[in-house]
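Asks: below are the sequence and a predicted model for it; my questions follow.
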Amino acid sequence: MTEEELEDPPVGWRVETHRRYTAATSDHEMAYVTYRHESEDLRARVAPASIDGDDQPGYTITTTTYPELASSDGPAGEGLESTSRTIRSVFRFPRCDELARRFMSLFEAAYDGPATFERALAYASDRVRASEAHDAPVDTGGKSTRN
């Protein structure tokens with residue numbers, strides 16, 4: 001997926017960073033994209049899982065919140081720290097980016113200003129996370145190991 005092939009993000013979001021690269025330990029080209037919400041309080045990142053030190057293949061959707069930075073009435077930056085959370089991991093970049101766009105659309109639908117930020121974040125995150133059925137380990141016989 002080239003810069004030209006990257007679709008416009010959902011309303012209320014912009015592409016902050018988009019690049020492709022080949023990791024030193026691989027011959028496979030990797031992709032990385034971050035989206036920033038217009039409030040400046042939320043970033044969604046689609047990146048290889050290995051960037052955060054995970055020893056797994058594929059890509060992750062990670063959200064980073066910047067509390068009271070731009071949209072709230074609170075004191076910006078006074079002892080406040082960003083918080084990052086991985087929402088979902090999938091094997092291929094196009095699917096991960098599709099899920100990130102779904103997250104952004106759901107967030108935007110629930111967001112109605114700073115007072116609704118946490119609720120909108122939870123709403124979108126819960127609907128994009130994999131269900132327990134998708135995450136259940138599979139034994140060698142092809143059956144789920146969870147009850």
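Replies: Cool, the structure landed.
Asks: ok, the residue nearest to residue 38 when sequence neighbours are not counted - contacts?
Replies: What sits nearest to residue 38 in space, not counting adjacent residues and going by Cβ to Cβ, 6 or more residues apart in numbering, is residue 12, at 5.1 Å. For every residue, glycine as well, the C-beta is placed using N, CA and C. Listed by Cβ atoms under 8 Å, 6 or more residues apart in numbering, the contact set of residue 12 reads 37-38, 104, 108, 111.
Asks: how about residue 12, phi and psi?
Replies: Dihedral pair for residue 12: phi 90, psi 0, per degrees, to the nearest 10.
Asks: how close does it sit to residue 65?
Replies: Residue 12 is 15 Å from residue 65, where distance means Cβ to Cβ, to the nearest Å.
Asks: helices of the chain, residue ranges please.
Replies: 93-110, 117-128, 132-135 (DSSP state H).
Asks: ok, the contacts of residue 12 vs residue 27, which is closest?
Replies: Nearest to residue 27 among these, counting by Cβ to Cβ, is residue 104 at 31.4 Å.
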